[in-house]
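Trainee: Build me a structure from this.
(2 chains)
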Amino acid sequence: MPDSLQRIVIVGATSSIAEHCARLWATGHRPVEGALALTLVGRDAGRLERVAADLRVRGATVLVRTVDFSDPRAIRLLTDGIVADGMPQQVLIAHGSLPDQQQCQRDLAAAYEALDVNGVSPVLFAEAFAGHMEPVGGVITIIGSVAGDRGRRSNYVYGAAKGLVTRYAQGLQHRLAGSGSNLKVVLVKPGPTATPMTAHLPQKGLAPVEQVARQIVDGSAAGKPVVYAPGKWFVIMMIIRHLPAFVFNKMNI
Amino acid sequence: MVKVSSWGRLDSHEHDLVPLSDRDQAVRAVAGSRGLAQGNARSYGDVCLNPDGRLWRMTGLDRFIAFDPATGRLRCEAGVLLRNIQRMSIARGWLLPVTPGTQMITVGGAIANDVHGKNHHVLGSFGDHVLGLRLARTDGRVIDCGPDIEPGWFAATVGGMGLTGVIVEAELQLRRVSGPWLVTDTVPYRNLDEFFALADSSEAGWEQTVSWVDCLSGIGRGLFFRANLAGIPDREAQSGRKPKRVPFVPPVSLVNGLSLRAFNETYYRANVLKAGYAIAHFEKYTYPLDNLHDWNRMYGPRGFYQYQSVVPREAGRVAIQAMLETIKASGQGSFLAVLKTFGDRASRGMMSFPRPGVTLALDFPNRGERTNALFDRLDAIVRDAGGRIYAAKDARMPRDLFESGYPRLAEFLQYRDPGISSSMSRRLIGS
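Mentor: Next comes the predicted model:
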């Protein structure tokens, strides 16, 4: 008999976008059936605990787990452990960091780390949860980026990692469609968002993080395959993807 | 560097904006640095600006830390908006005891300006309900203080305009409420004598009292609003109307002699017809402008000032009359003209604005010299009456009026953080 507890797992829960999604879930922006339990996964126990305390005041039941995001064995153990406690209905994979492109060009270690945390690690988490959730269904939401739609000189290492996530999500969606599973995979592509990750950039044109979080939570509930947040980035990236190289390569973007 | 302006939009200046988003990181960022904490930038004037210097933007420190629904004690980070507290707590039967006319300010800002509300005569100001706070100093010290712990630091920081350090977190005492509803009453008054009679007779039985005064009538006619919490928890909660936005900055102020005269006449007459009792949701009644985003744009590209003074009750009748006549003669003023009596309780903060007496607040579109000349005349009335001007709303008061209005200034300066400076502190304190 299925228990009525709705479990949502958030990987990278201290990221600003993930934290705002968690607040929406905790305060019933999208009401769930039965009681809600959030499992927050992150690297830094202190920061995770601060996010968890806030969500508890808002009314959620919250568990906290730490893990090394770049260790495949640790990711496997963690996901197995979470699932053993109770199958999640939703998983949000939200971790990442915006690297300095220039530094990545000079320093291969920085490039490696950027590719790992933004590309490889989210894929490993998704794969681990998908294996468990495929038979029972649910939603896995992965945060990619508009930067993954076309490589650009200003951030192509980050873009390449997010491009990996895009291709991976497509492939997983294809696999699940073929298997008749009730598991949905939602790929979110946020445009530039006002978060601590972008605090050093000019703030004009950055989307408010609350707005992006709302679109993620609503898009996940609807099980949409791809969510651009805000929606205007669908049009902008459609144009950028289709610009011929001789035009695109003259642009300083 | 980023251009930042305050709510009055008088000016915008380059700032080195440093957003803080984690309270441990905040303490480290402040240590050994120089700057000023800024909340949601709803102060009208220059108390929250530090041109060409650093601003620690506190709105990312927006986490609750702990809430006890049995006692109503809430610990939270300093960047939490009052609205987020009330929306969280109302469902559990608690609200903030004191809020100003907007919920879109941070806890840190509310403490630093020791804000007051319509219920000052019953519950005092915001600082009266702060159980403790954590202050990060630029010398690296972290000071936990409250009414009974390090009371000197506490009294300097409540109403201390952010100059004693950066408030990182606070513990607040919320108050038990039966629901979000208010019983309200609107009473028109025709002159200041009627206003004072209404204020005197209402303070005992009504928890919230405030009035709108027709700043162009010269005689002090207006509308007296009073309200109490209603014991009706079971009405269906409503989130109110859909917010609207002033979409762009009009090339000139929409607030001028003509629009103001028409508005005041219509507003007064419409409310005379609607006078009497009603039931209202607290958010809609107490924070009407929170649903009109960017209303400060209405005053055009030159921005606006708010002039809020308090004068002692004895001198109040004459001083308020003189200010209203002066404003009428100048033909300047605003839709938003508020007249209210403060209760007799002394504020906890050394530099808190509220004191026993009567307070008048008005917005004025910035018309340069004309507006400054009007302020000089109003200053003279406030000075003669032994009153003071509200620093959270000020951008221009002269230093002598600041010094005479805030007699505990010398004591306060002992607690000043030398690494913290604002446009206001440089203007009024010299550093």
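Trainee: nearest spatial neighbour of the residue of the stretch 251-400 of chain B found nearest chain A, skipping sequence neighbours?
Mentor: Chain A sits closest to B:H293 of the stretch 251-400 of chain B, with a gap of 12.2 Å, by C-beta to the nearest C-beta. From N, CA and C alone the C-beta is placed, and that goes for glycine too. Nearest residue to B:H293, sequence neighbours excluded (C-beta to C-beta, 6 or more residues apart in numbering or on different chains): B:R245, at 4.2 Å.
Trainee: List the contacts of the one you found.
Mentor: Applying C-beta atoms under 8 Å, 6 or more residues apart in numbering or on different chains to B:R245 gives the contacts B:292-294.
Trainee: from those residues, which would you call buried?
Mentor: Buried members of the contacts of B:R245, scored by 16 or more other C-beta atoms under 10 Å in any protein chain shown: none.
Trainee: quick one: which of those residues sit in strands?
Mentor: Assigned to strands by DSSP state E, the following of these qualify: B:292-293.
Trainee: Now do the strands in the stretch 151-300 of chain B.
Mentor: Using DSSP state E, counting those that start in this stretch, the strands found in the stretch 151-300 of chain B span residues B:166-173, B:175-176, B:181-189, B:208-213, B:222-229, B:244-245, B:276-281, B:292-293.
Trainee: and the angle from the longest one to strand B:276-281?
Mentor: Which is strand B:181-189. 140 degrees (axes from the mean of the first three to the mean of the last three C-alpha atoms, to 10 degrees).
Trainee: where do the helices sit along the chain?
Mentor: In the absence of a named chain, chain A is used. Here chain A has its helices, by DSSP state H, at A:16-26, A:45-57, A:72-85, A:101-106, A:108-115, A:121-133, A:156-179, A:209-222, A:232-242, A:245-248.
Trainee: The chain in question should be chain B.
Mentor: Using DSSP H, helices in chain B cover B:23-30, B:82-89, B:107-112, B:120-123, B:151-157, B:192-202, B:257-274, B:282-286, B:313-330, B:369-384, B:399-405, B:409-413, B:423-428.
Trainee: returning to that earlier point: can you add mean pLDDT and give the strands of the stretch 151-300 of chain B back as a markdown table?
Mentor: A markdown table is the format used below for these (pLDDT from 0 to 100):
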| stretch | mean pLDDT |
| --- | --- |
| strand B:166-173 | 98 |
| strand B:175-176 | 96 |
| strand B:181-189 | 95 |
| strand B:208-213 | 96 |
| strand B:222-229 | 96 |
| strand B:244-245 | 86 |
| strand B:276-281 | 93 |
| strand B:292-293 | 88 |
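Trainee: B:R377 is nearest to which of these?
Mentor: Of all these, strand B:208-213 sits nearest to B:R377, with 17.8 Å by C-beta to C-beta.
Trainee: Leaving aside the residues adjacent along the chain, what's closest to B:F282?
Mentor: That would be B:P180: by C-beta to C-beta, 6+ apart, it lies 5.0 Å from B:F282.
Trainee: contacting residues around that neighbour?
Mentor: Per C-beta under 8 Å, 6+ apart, neighbours of B:P180: B:90, B:237, B:281-283.
Trainee: Just give me the closest of the residues you listed to B:C145.
Mentor: B:I90 (28.9 Å).
Trainee: Now do the same contact list for that closest one.
Mentor: B:177, B:179-180.
Trainee: For B:A230, give me its contacts.
Mentor: Per C-beta under 8 Å, 6+ apart, neighbours of B:A230: B:178-179, B:181-183, B:279.
Trainee: what do you get if the cut-off is 6 Å, keeping everything else the same?
Mentor: B:181-183 (C-beta atoms under 6 Å, 6 or more residues apart in numbering or on different chains).
Trainee: which one in chain A is furthest away from the centre?
Mentor: A:F246 (33.0 Å; C-alpha atoms, centre = their mean).
Trainee: how near is the spatially closest residue to A:W233 that is not a sequence neighbour to chain B?
Mentor: Take A:W233 and drop its neighbours on the chain: the residue closest to it by C-beta to C-beta, 6+ apart is A:G191, 4.2 Å away. To chain B, A:G191 is 19 Å away according to C-beta to the nearest C-beta, to the nearest Å.
Trainee: what's the answer for A:A245, then?
Mentor: 35 Å.
Trainee: sorry, back to before: if you rank the contacts of B:A230 by neighbours, which is first?
Mentor: Greatest neighbour count in the contacts of B:A230, by other C-beta atoms under 10 Å in any protein chain shown, goes to B:L182: 22 neighbours.
Trainee: right, and that residue touches B:H281 too?
Mentor: No: B:L182 lies out of contact with B:H281 (C-beta atoms under 6 Å); the separation is 7.6 Å.
Trainee: Run through the residues of the stretch 1-150 of chain A sitting next to chain B.
Mentor: A:50, A:53-54, A:57-58 (C-beta under 6 Å from any C-beta of the partner chain).
Trainee: Need these in JSON lines (columns: pLDDT).
Mentor: Output for the residues of the stretch 1-150 of chain A next to chain B, formatted as JSON lines (pLDDT from 0 to 100):
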{"residue": "A:R50", "pLDDT": "97"}
{"residue": "A:A53", "pLDDT": "98"}
{"residue": "A:D54", "pLDDT": "98"}
{"residue": "A:V57", "pLDDT": "96"}
{"residue": "A:R58", "pLDDT": "94"}
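Trainee: so what's A:D100 closest to, chain neighbours aside?
Mentor: A:A110 (7.4 Å).
Trainee: and B:R190, what is it in contact with?
Mentor: B:R221 are the contacts of B:R190 under C-beta under 6 Å, 6+ apart.
Trainee: quick one on the thing from earlier: can you give me the distance of the residue nearest to A:D100 to chain B?
Mentor: For A:A110 relative to chain B (C-beta to the nearest C-beta), the value is 22 Å.
Trainee: now do A:L24
Mentor: 13 Å.
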